[in-house]
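Structural data only, the sequence is not supplied:
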């Protein structure tokens with residue numbers, strides 16, 4: 001505890017609480033990043049590196065609080081300080097830095113990544129045809145965590161042996177590896193959803209506990225235009241505003257913090273097709289070697 005208090009006193013003396021960072025200040029950002037890593041039961045070296053992760057400044061945060069590496073080593077230890085130094089040169093260089101980087105992004109409540117052109121046109125058509133015509137869609141008339149008015153078609157996926165589902169599953173793995181977070185998560189559910197015009201989409205989050213899960217979603221239609229609407233919309237519940245609105249383009253996937261409030265906008269009235277997505281859900285699963 002004394003180590004943590006000494007670190008906070010140092011950061012306050014450096015006036016990090018007066019430095020603007022997002023909607024708050026730099027000190028709050030550092031403390032919250034530390035708290036996320038602690039909630040994952042990461043070891044002390046990783047957590048304290050999170051508390052100081054941008055203290056030297058970097059390309060995205062130009063404010064350099066200190067250049068005195070020995071001063072930081074005396075506060076948080078040599079191993080932890082090395083994580084901090086390396087983080088500001090290449091934050092995806094190795095797993096400890098990937099963990100800190102992920103916590104840093106989650107803290108800023110903007111963890112939404114888009115991946116386009118994931119497979120060719122023929123694969124788009126084959127995947128769309130399979131989900132449109134061959135899966136056992138089940139109409140869900142009521143449900144959802146917040147309302148009895150949720151209406152959509154649902155298909156729970158229990159096996160990955162089907163070639164189209166396997167293709168998407170392999171693609172999902174590749175995406176998480178590109179983001180540097182694949183080894184930190186366990187896949188817990190796969191399901192597809194379909195929405196014809198007039199179905200109900202309520203604003204919701206995907207997970208009960210904060211910073212415990214991510215969602216990866218593929219858009220499955222082989223044709224879609226901006227006039228078709230059907231965007232996935234993400235909301236900032238504190239500012240009562242929209243963070244991002246994403247068109248469900250073919251061969252597109254999005255990865256996001258499932259705790260961000262979101263919903264699917266209704267497709268346009270003249271769209272004959274159903275809006276289809278497949279969703280992969282993952283829970284945080286930090287290996288013992290990082291604890």
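Ah, there it is. None of the values given here were measured: they were computed from a predicted structure.

where do the helices sit along this structure?
For the chain, applying DSSP state H gives helices covering 2-13, 26-39, 44-51, 69-76, 78-87, 95-107, 121-133, 163-179.

CSV please, covering those and showing mean neighbour count and distance to residue 201.
Using the backbone N, CA and C atoms, a C-beta is placed for each residue, glycine as well. Below are these laid out as CSV (neighbours: other CB atoms under 10 Å; distance: least, CB to CB, whole Å):
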stretch, mean neighbour count, distance to residue 201
helix 2-13, 13, 42
helix 26-39, 21, 29
helix 44-51, 24, 35
helix 69-76, 16, 45
helix 78-87, 19, 38
helix 95-107, 22, 24
helix 121-133, 16, 18
helix 163-179, 17, 22
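
would you turn those helices into JSON lines with distance to residue 193 and mean pLDDT?
Listed next are the helices of the chain as JSON lines, based on distance: least, CB to CB, whole Å; pLDDT from 0 to 100:
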{"stretch": "helix 2-13", "distance to residue 193": "44", "mean pLDDT": "94"}
{"stretch": "helix 26-39", "distance to residue 193": "29", "mean pLDDT": "96"}
{"stretch": "helix 44-51", "distance to residue 193": "35", "mean pLDDT": "97"}
{"stretch": "helix 69-76", "distance to residue 193": "45", "mean pLDDT": "95"}
{"stretch": "helix 78-87", "distance to residue 193": "38", "mean pLDDT": "96"}
{"stretch": "helix 95-107", "distance to residue 193": "25", "mean pLDDT": "95"}
{"stretch": "helix 121-133", "distance to residue 193": "10", "mean pLDDT": "96"}
{"stretch": "helix 163-179", "distance to residue 193": "14", "mean pLDDT": "97"}
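
Of those helices, give the one that comes closest to residue 218.
Nearest of the helices of the chain to residue 218, taken as CB to CB: helix 163-179 at 5.6 Å.

what angle do the closest one and helix 121-133 make?
Relative orientation of helix 163-179 versus helix 121-133 (axes from the mean of the first three to the mean of the last three CA atoms, to 10 degrees): 120 degrees.

What is helix 163-179 packed up against?
strand 112-115, helix 121-133, strand 185-195, strand 213-219, strand 253-257, strand 275-284 (3 or more CB pairs under 8 Å, 6 or more residues apart in numbering; DSSP states H and E).

To residue 48, which of the ones you listed lies closest?
strand 275-284 (19.8 Å).

now the closest one, how far from the centre of its chain.
Relative to its chain's centre, strand 275-284 lies at 12 Å (CA atoms, centre = their mean, to the nearest Å).

what angle separates that strand from strand 185-195?
Interaxial angle of strand 275-284 relative to strand 185-195 (the same axes, to 10 degrees): 160 degrees.

okay, the angle between strand 275-284 and helix 26-39?
Put simply, strand 275-284 runs at 80 degrees to helix 26-39, going by the same axes, to 10 degrees.

Just give the strands next to strand 275-284 in its sheet, each with its orientation.
Strand pairing for strand 275-284, using DSSP bridges, gives strand 185-195 (antiparallel), strand 213-219 (antiparallel).

angle of it against helix 95-107?
Here the directions of strand 275-284 and helix 95-107 differ by 120 degrees (the same axes, to 10 degrees).

Could you check the pLDDT of residue 108?
The per-residue pLDDT reported for residue 108 equals 86.

That's all I had, so thanks and see you.
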